[in-house]
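Q: below are the sequence and a predicted model for it; my questions follow.
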Amino acid sequence: MDKKIRSDIRGLRDRCSVAYVGSVNGEGFPQVKAMLVAEHDDMRVQYFSTNTSSKRAAQFLENPKACVYYCHEREFKGALFTGTIEVCTDHDTKAMIWHNGDEMYYPKGVDDEDYCVYKFTAETVNYYHGLGNSTFSIDELYGD
């Protein structure tokens, strides 16, 4: 993978505060939702927080296939990560991305039963810029 492309993909991830998360509903149709980016360990794993009672959480529990799209609208750049989402309700994962002020949404705190975390694990990334469109395995992002 070209170093410039690798840098662009990392830059999109680092700069975007919102990502578009895609799921599959029970009828097999794609569903997309803009979500605040909570945190990411590396290019392979990304985290988002939401309500356990949400439609999307139910969809991921039934079918974990997912995508996450980051874009820079003015530069016409985008990175579409494809992989799976795990709906995490354990204390440690929820506490990892908990921020002061989150109690506004989850009044019972980090252990609120309606608070969960999506742990997205990417397998591939499709990078789009200008007329270029290339798909890479996530492992290729870790080259020299």
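A: Ah, there it is.

Q: could you list the paired strands of the lengthiest strand in the chain along with their orientation?
A: Longest among the strand segments of the chain by residue count, using DSSP state E, is strand 115-129. Looking at strand 115-129 with DSSP bridges, its partner strands are strand 45-51 (antiparallel), strand 77-88 (antiparallel), strand 132-137 (antiparallel).

Q: report how many residues lie close to the closest residue to T124 other than its chain neighbours.
A: Nearest residue to T124, sequence neighbours excluded (Cβ to Cβ, 6 or more residues apart in numbering): T82, at 4.9 Å. Where you see a C-beta, it was placed from the backbone N, CA and C, and this is true even at glycine. Using other Cβ atoms under 10 Å, T82 is surrounded by 18 other residues.

Q: ok, now how distant is T82 from N100?
A: 33 Å (Cβ to Cβ, to the nearest Å).

Q: then M35?
A: From M35 to N100 the distance is 20 Å (Cβ to Cβ).

Q: neighbour count: the two, which is higher?
A: The residue with more neighbours, out of M35 and N100, is M35; 16 against 6, by other Cβ under 10 Å.

Q: give me the contact list for the helix or strand hosting the more buried one.
A: In this structure, M35 sits in strand 30-36 according to DSSP states H and E. The contact list for strand 30-36 (Cβ atoms under 8 Å, 6 or more residues apart in numbering) reads 17-25, 48-50, 55-56, 59, 69.

Q: hey, what's the closest residue to C16 other than its chain neighbours bridged with?
A: Leaving out its chain neighbours, the residue that sits closest to C16 by Cβ to Cβ, 6+ apart is Y70, at 4.5 Å. In this entry, Y70 is beta-bridged to A79, by DSSP bridges.
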